[in-house]
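*Asks:* Here you go, sequence then predicted model.
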Amino acid sequence: MRIANLSGRLVLIADGRAVDVERASNGRFAADPQAVYERWREFGNWAASADLPAGAAFEPSELGSPVPAPRQTLAIGLNYRDHASESGFAAPEGLPPVFTKFATSISGPVTEVKLPAEGHTDWEVELVAVIGRHTEAVSEADAWSHVAGLAVGQDISERIVQLAGPAPQFSLGKSFPGFAPIGPWLVTPDEFDDPDDLELRCAINGEEVQKSRTSNLIFPVPALVARLSAVLPLLPGDVIFTGTPAGVGLGRDPQRWLAVGDELVSTIEGIGELRQTFVA
Ligand code: ZN
């Protein structure tokens, strides 16, 4: 199953077309895309058996984030060995670094992003997992059953703010407006042959800068859900940015930053792509 946020309304995507959920369910499920995660299992059962009307065509630019207003966004640092290495850190062992991307940074999949003046703005393609039920101290073995689905995420990062001050400001430097595009839709885990092994990549103006597989994650999705939920409850509709592989601008020699006019395309196998254009 694929769900999306089309102009602020929850839709099911079938054969590339959008079915409005509130109308198709005669009001049983609300139009608010964020609300569906509270009733995720009930919604999945309905969607699997409903006699859906024909969908409508749409443009990717009309999509918002399939999870537009999570109560918690947890983002993971240094979760691929090659990225930890290019960043000058040892790979984490017990618990990876965790920060947040504040709610106002979340956007849909196709956007224009304003570059902070004097900034060093960098790219980080990441698999995003969205929680589908109350999750407290779950085991790795049970973790996938707590995940509503997967999406593509970009953890856009401004390195000057991130690295200023006596301790790194991960959350602030990664939370400028539009710095957390998510989409293009949410794909349920059952849609993948192996949800723990997906190719992810991103390109700037057509030049590939990152390419890896989620099987290289030091802490894969089940390990993250287990370790995070051992500390705090994960709530329906919460978001986990799972970390980025090597190839970011910070780790290059010379370093490279996004510039006005650049187009960043981020892709994950079996999900789809994000497309960000950077403006002054
Ligand atoms: Zn990141």
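*Replies:* Okay, I see it. Predicted model, so just to flag it, every value in this text is computed and none were measured.

*Asks:* Please count neighbours and contacts with C-alpha atoms only from this point.
*Replies:* Fine.

*Asks:* Show me which residues of the stretch 51-200 of the chain sit near the ion.
*Replies:* Asp155 (CA under 5 Å from the ion).

*Asks:* domains for the protein, by residue range?
*Replies:* Taking automatic domain parsing as the reference, the chain has its domains at 2-58, 65-279.

*Asks:* ok, whichever strand or helix holds Gly149: who's next to it in the sheet?
*Replies:* Assigning secondary structure by DSSP states H and E places Gly149 in strand 147-154. Strands that pair with strand 147-154, judged by DSSP bridges, come out as strand 125-131 (antiparallel), strand 180-187 (antiparallel).

*Asks:* re the thing from before, quick check: which of the domains of the chain is buried the most?
*Replies:* Across these, averaging neighbours per residue (mean count of other CA atoms under 10 Å) puts domain 65-279 on top, at a mean of 20.

*Asks:* Reformat the domains of the chain as a markdown table; add mean pLDDT.
*Replies:* Output for the domains of the chain, formatted as a markdown table (pLDDT from 0 to 100):
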| stretch | mean pLDDT |
| --- | --- |
| domain 2-58 | 97 |
| domain 65-279 | 97 |
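
*Asks:* could you measure Ser61 against the ion, distance?
*Replies:* 24 Å (CA to the ion, to the nearest Å).

*Asks:* Give me the number of neighbouring residues for that residue.
*Replies:* Neighbourhood size, Ser61 [other CA atoms under 10 Å]: 15.

*Asks:* mind listing what it touches?
*Replies:* 109-111 (CA atoms under 8 Å, 6 or more residues apart in numbering).

*Asks:* And Pro195, which helix or strand is it part of?
*Replies:* Using DSSP H and E, Pro195 falls within no helix or strand.

*Asks:* Now it. Nearest residue, chain neighbours left out?
*Replies:* With CA to CA, 6 or more residues apart in numbering as the criterion, Pro195 has its nearest non-adjacent residue at 6.0 Å, and that residue is Pro189.

*Asks:* ok, that neighbour to Ala164 distance?
*Replies:* Separation of Pro189 from Ala164 (CA to CA, to the nearest Å) stands at 38 Å.

*Asks:* just to revisit the earlier point, out of the contacts of Ser61, which one sits closest to the ion?
*Replies:* Set against the ion, the nearest of the contacts of Ser61 by CA to the ion is Pro109 (16.7 Å).

*Asks:* re earlier: there's contact between the residue nearest to Pro195 and Gly149 in this structure, I believe.
*Replies:* Yes: using CA atoms under 8 Å, Pro189 is in contact with Gly149, at 5.5 Å.
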